[in-house]
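In: structure for the following, please:
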Amino acid sequence: MERGLSPEEKRLVEREFIARQEVAARRRVLYRRVFIVGIVAAVLAAALREFRVPTLITPALGFLWLACLLAYAGLAAFPSTFVRDLDFRWHSNPWQEALNSLASGKTQFEAIALLVSPYLGRLLFSFIYAGFMS
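Out: Purely as a prediction, here's the structure:
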């Protein structure tokens with residue numbers, strides 16, 4: 001005789017699944033916002049640096065880009081529940097979940113784009129600046 005799930009157990013499993021999906025959706029939205037802010041900060045910092053605009057905003061944008069890069073790479077490394085905090089495997093390698101989420105195709109491409117955006121921006125704006133000066 002097989003034991004099936006009671007209606008209460010089924011509802012509990014469904015609620016837990018829905019809660020996990022909602023957390024994953026919120027995390028994707030947060031990843032997207034961090035990515036966009038990081039790209040904008042990197043490109044603006046590169047433009048100000050290459051067009052030699054002396055402001056204090058340039059280093060602030062550079063620090064904002066660095067913070068976005070660190071947040072994008074480490075966003076999944078923090079425990080979201082008390083149960084995960086008690087899990088020994090999480091403490092032995094807290095970056096495992098972040099590395100797994102970065103290994104997915106689109107997220108990996110976005111992380112690489114976020115990493116190289118200030119350098120590509122500086123290259124692009126240096127060509128534009130050289131074109132204006134000649």
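In: quick one: the helices in this structure, in order.
Out: Shown for the chain, the helices assigned by DSSP state H span residues 7-50, 57-74, 82-86, 88-92, 96-102, 105-133.
In: averaging pLDDT over each of these, which comes out lowest?
Out: Among the helices of the chain, helix 82-86 has the lowest mean pLDDT, at a mean of 54.
In: re earlier: any chance of the helices of the chain in CSV, plus mean neighbour count?
Out: Quick note: C-beta positions are derived from backbone N, CA and C, even for glycine. Formatted as CSV, these follow (neighbours: other CB atoms under 10 Å):
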stretch, mean neighbour count
helix 7-50, 14
helix 57-74, 17
helix 82-86, 10
helix 88-92, 10
helix 96-102, 15
helix 105-133, 14
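In: tell me the contacts of the residue lying closest to Pro118 once chain neighbours are set aside?
Out: What sits nearest to Pro118 in space, not counting adjacent residues and going by CB to CB, 6 or more residues apart in numbering, is Ala42, at 4.0 Å. Residues in contact with Ala42 (CB atoms under 8 Å, 6 or more residues apart in numbering) are 61, 65, 114, 117-118, 121.
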